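> this one's structure only:
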Ligand SMILES: Nc1ncnc2c1ncn2[C@@H]1O[C@H](COP(=O)(O)OP(=O)(O)OP(=O)(O)O)[C@@H](O)[C@H]1O
């Protein structure tokens, strides 16, 4: 059960942490400790001093081994179960990862000199994982009394080149260099795995042999290190143990169980600059880094579940492909130093190892093989090896078995076809690229256009987002209220009906709700239409009102201009009358003055004559009497003529005055008539205007009534609709609440919000309409009342003015008549005085004549 579960879900890579003790050098130098291990809590704390602050970083692993942990402890706690899995037929891999000098080799191989071995074949205390694993395998297999075979391989990967550490070769520089050129190639094994061609497989028959093998490998490594100037810390080593165990089925069939343990001692994890790579060694360091970096990338890809895992980028990852995300059980032992000078690398190792914890493998037990099949395979292998030996002896190229040759040929052909196809694809892609470039340029242009629009939209968006934030707050409040309601409802909720029934009821309710929605939309449409009609009526009324007001204004202005004309003509008439009157008076004055001067001059002449007569009385009495007679006669004559003249003048004057009086009377009459006509006209205009204003007020009352009615109708319809909806929604929600799910809650809420929002809109628009109409009507009423009042004032003013003018004109007329009367009486008195003067002159003349006659006589 658990095995199947593991297979399906995958098993995480097990990560252990080992911190070595201080080295002698470090102890001598009193190097401060920065790594603290808590084995029980499986935690490692790293103390850091950042900007004067003491900070502890804590990492947790599957197991933690502190500096005091012995090789035995680590092996028993961490490796024994792994080796047991191998014996069960699994493939397992143990990596040692860490900075140079932190104990990777110590952990994997240990200091395993045969001489150090204890009694009874016991392993020395410093023996590492490899000898212990080998011993456990042999102990177990021997304990089981099973038939088995144990094979080991030991290789080194240096500078992306594989060296067989168990190959029995002469160890000389030339041979090694020669061998270096022909490093072992990696090959696909045809079963999805990778194998190293030509790698020596050493059969081990007892655990003690392992020391010989390890020593052999280490010696070869050391020699290469010295002769080829290599650094072991830059090489990866892979020690593999393959076990074949014979098992018998109840049917008597023989099966072979196979398990493999890979023990990998990786190169130092430090970076190139720290590892001291310079000049010619840069490539070497780069290649080493290549394997380690690829391992890091593979781990990242596996942890982040990326589609592509770059196993093929390095030989290390190709070799260990199955141990990373494959069917192998994997364990990583991360090694660190406790000293402060390794802090940076320690942290990097801990991060790396911590990440690797997340890799998941899907371990699968290797299929057991029939012994016969295995023998067949082995015969095939022998054949292959024979062929290789033959080819090597004849120096006739490399021996390749037929099937492999055909397979490789077909693979080659497939590759060539693929290359051809890829060429065509490349061309197509180039064309597509060109097209895409053109499109890209067009898109860039479009983008610049759009970015302008985007800015505007962003502004709008900003405003909208503000609104949205407000709405969201409201929504939250609503949700809170809804939740409370839901809580209450849920309290009251009883056992629910069967789910199917609920679903049906829910569906029918939803359908009803949809119908309601449709009705709602229809009603809203009707409301909209009503509103549009109202708006049209108001608009028409506005136009009509504007027309009527315009006509009133025209009428008033024409009436005013007529009045002005009238007044101007009256003013002209008055002015001409006064001019004529003035002229007549000045003429009369002139004539009277002339008559007086004539009279005075004649009186003087008479007096002179009398004086002359007195002076020359004696000399010429006859002459005097005649002369006196003649002079009396001439005086008489003169006076007579003068009197006639004066009478004619006065008659003229009287005639003129009479005509003037007539004219004045006529003028006054005319003036009165005109005033009467003007007053009549003004009255007519005023009546007409009053009529219009009355009509206007009637209209406005009608409009107001209409608005009120419309408003009432609208409010009634809204109220009835709201009521109907409320009832409907109440009944619906009651029903729905019974089988409520969140969906229905949301639906009702949304619907209600929608309707409420719409109703609020309608109500607001109706209110706005109403207030607009009210305002408009009241302003109209105000205007008409104002106009009426002004018009009345104007009429009263006009009447008063007219009355004043007529009174003034009548007064003037009276005054003129009085003046004329005065004139006439003056003229009459003047005439009388003239007559008296004439009589007295005649009398005087007669008296004079008689006196003269008496004197003469
Ligand atoms: N847990 C430990 N207990 C005692 N000594 C240790 C321990 N770990 C390491 N050492 C000692 O530290 C030294 C360096 O160890 P080792 O050579 O294994 O490091 P390494 O990581 O394999 O280095 P390189 O990458 O260069 O191979 C050795 O002398 C070893 O004996």
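Here it is on my side, so go on. Treat the numbers as computed from the prediction; the structure is a model and nothing was measured.

> every contact and neighbour count from this point should use C-alpha atoms.
Will do.

> count the residues that sit near the residue of the stretch 651-800 of the chain found nearest the ligand.
Per Cα to the nearest ligand atom, residue 742 is where the stretch 651-800 of the chain lies closest to the ligand, at 61.8 Å. Residues lying near residue 742 (other Cα atoms under 10 Å) number 10.

> show residues contacting the helix or strand harbouring residue 334.
For residue 334, the host element (DSSP states H and E) is strand 329-336. Contacts to strand 329-336, defined as Cα atoms under 8 Å, 6 or more residues apart in numbering, come from residues 11, 13-20, 82, 90-99, 102-104, 323-324, 346, 349-350, 353, 361-363.

> check the offset of that strand from the chain's centre.
Centroid separation for strand 329-336 versus its chain: 51 Å, with Cα atoms, centre = their mean, to the nearest Å.

> and that strand, anywhere near the ligand?
No. Taking Cα under 6 Å from any ligand atom as the criterion, strand 329-336 and the ligand are apart, separated by no less than 7.3 Å.

> and that strand, average pLDDT?
Mean pLDDT, strand 329-336: 93.

> pLDDT value on residue 84, please?
Predicted confidence (pLDDT) for residue 84: 94.

> tell me the helices and strands packed up against the helix or strand hosting it.
Using DSSP H and E, residue 84 falls within helix 80-87. Helices and strands touching helix 80-87, by 3 or more Cα pairs under 8 Å, 6 or more residues apart in numbering; DSSP states H and E, are strand 91-98, helix 129-144, strand 254-265.

> by mean pLDDT, flag the weakest helix or strand of this protein.
The helix or strand of the chain with the poorest confidence is helix 272-275; it has a mean of 40 (mean pLDDT, DSSP states H and E).

> buried set for stretch 40-58?
42-48 (16 or more other Cα atoms under 10 Å).

> and the residue of the stretch 251-400 of the chain nearest the ligand?
residue 268 (4.4 Å).

> just say helix, strand or coil for that residue.
Using DSSP: H, G, I helix; E, B strand; the rest coil, the structure places residue 268 in coil.

> please list the outside residues in contact with stretch 470-482.
Outside stretch 470-482, not a single residue reaches it (Cα under 8 Å, 6+ apart).

> give me the below-cutoff pLDDT ranges for the stretch 251-400 of the chain.
Residues of the stretch 251-400 of the chain that meet the criterion pLDDT under 70 lie in 271-289, 393, 395-400.

> and it, which of its residues are near the ligand?
267-268.

> which pLDDT value belongs to residue 48?
So residue 48 comes in at 87 (pLDDT).

> who's it bridged to?
Beta bridges link residue 48 to residue 55, judged by DSSP bridges.

> ok, the closest residue in space to residue 33 that isn't next to it in sequence to residue 34 distance?
Nearest residue to residue 33, sequence neighbours excluded (Cα to Cα, 6 or more residues apart in numbering): residue 339, at 4.9 Å. Distance of residue 339 to residue 34, computed by Cα to Cα, to the nearest Å: 6 Å.

> can I see the domain layout of this structure?
Following automatic domain parsing, one finds the domains of the chain at 69-326+362-367, 400-490, 503-615+623-856.

> average pLDDT for stretch 12-27?
Mean predicted lDDT for stretch 12-27 stands at 92.

> identify each buried residue in it, please.
12-22, 26.

> from those residues, which land in strands?
12, 14-19 (DSSP state E).

> what ranges does the stretch 251-400 of the chain have for its helices?
Here the stretch 251-400 of the chain has its helices, by DSSP state H, counting those that start in this stretch, at 272-275, 281-303, 315-319, 343-356, 371-394.

> just put these in JSON lines and tack on mean neighbour count.
As requested, the helices of the stretch 251-400 of the chain are exported to JSON lines (neighbours: other Cα atoms under 10 Å):
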{"stretch": "helix 272-275", "mean neighbour count": "12"}
{"stretch": "helix 281-303", "mean neighbour count": "20"}
{"stretch": "helix 315-319", "mean neighbour count": "22"}
{"stretch": "helix 343-356", "mean neighbour count": "19"}
{"stretch": "helix 371-394", "mean neighbour count": "13"}
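
> in TSV: those, plus distance to residue 263.
Shown next, in TSV, are the helices of the stretch 251-400 of the chain (distance: least, Cα to Cα, whole Å):
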stretch	distance to residue 263
helix 272-275	24
helix 281-303	16
helix 315-319	12
helix 343-356	17
helix 371-394	25
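
> just say helix, strand or coil for residue 206.
coil.

> what's the most buried one of the helices and strands packed on helix 80-87?
Among those, strand 91-98 has the highest mean neighbour count (mean count of other Cα atoms under 10 Å), at a mean of 25.

> distance from that one to the middle of the chain?
Mean-position distance between strand 91-98 and its chain equals 53 Å (Cα atoms, centre = their mean).

> got it, and stretch 343-362?
On Cα atoms, centre = their mean, the centre of stretch 343-362 falls 42 Å from that of its chain.

> hmm, who's touching it?
6-15, 34, 46, 59-61, 97-99, 269-270, 296, 299-300, 302-303, 323-330, 332, 334-337.

> over to stretch 131-141?
Contacts of stretch 131-141 (Cα under 8 Å, 6+ apart): 75, 79-80, 83, 87, 109, 112, 123, 147-148, 206-208, 210-211, 241.

> among those residues, name the buried ones.
Using 16+ other Cα under 10 Å, the buried members of these are 75, 79-80, 83, 87, 109, 112, 123, 148, 207-208, 210-211, 241.

> farthest pair within these?
112 and 148 (25.1 Å; Cα to Cα).

> residues from this protein in reach of the ligand?
20-21, 67, 99-106, 232-233, 267-268.

> now residue 154: phi and psi?
Main-chain torsions, residue 154, degrees, to the nearest 10: phi -140, psi 110.

> wait, what's in contact with the nearest residue to residue 312 once chain neighbours are set aside?
Of all residues not flanking residue 312 in the chain, residue 318 sits nearest, at 5.5 Å (Cα to Cα, 6+ apart). Residues counted as contacts of residue 318 (Cα under 8 Å, 6+ apart) are 194, 311-312.

> I'd like the distance between residue 318 and residue 407.
Per Cα to Cα, residue 318 is found 21 Å from residue 407.

> now swap in residue 25 and tell me
Taking Cα to Cα, one finds residue 25 at 58 Å from residue 407.

> same check, this time on residue 362
The value you get for residue 362 to residue 407, if Cα to Cα is used, is 30 Å.

> could you do residue 771 as well?
For residue 771, the distance to residue 407 - Cα to Cα - is 94 Å.

> out of the domains of the chain, nearest to residue 376?
Among these, domain 69-326+362-367 sits nearest to residue 376 (Cα to Cα), with 12.8 Å.

> hmm, who's touching stretch 300-309?
297-298, 310, 325, 355-356, 358-360.

> between the two ends of that stretch, what distance do you get?
Using Cα to Cα, the two ends of stretch 300-309 sit 9 Å apart.

> offset the numbering so it begins at 136, please.
Fine by me, first position is 136 from now on; the one you just mentioned is stretch 435-444.

> mind checking how far that stretch is from the chain centre?
For stretch 435-444, the distance to the chain centre is 36 Å (Cα atoms, centre = their mean).

> next one: stretch 278-286
Relative to its chain's centre, stretch 278-286 lies at 74 Å (Cα atoms, centre = their mean).

> again with stretch 959-974
Worked out by Cα atoms, centre = their mean, stretch 959-974 lies 114 Å from the chain centre.

> what mean pLDDT does that stretch get?
Mean per-residue pLDDT for stretch 959-974: 74.

> list the residues that contact residue 240.
Counted by Cα under 8 Å, 6+ apart, residue 240 has contacts 231, 400.

> what is the burial count for residue 955?
19.

> distance check, it against residue 191.
For residue 955 relative to residue 191 (Cα to Cα), the value is 135 Å.

> could you do residue 663 as well?
Following Cα to Cα, the distance that separates residue 663 from residue 191 is 72 Å.

> next one: residue 345
Distance from residue 345 to residue 191, by Cα to Cα: 42 Å.

> go on, residue 428?
For residue 428, the distance to residue 191 - Cα to Cα - is 28 Å.
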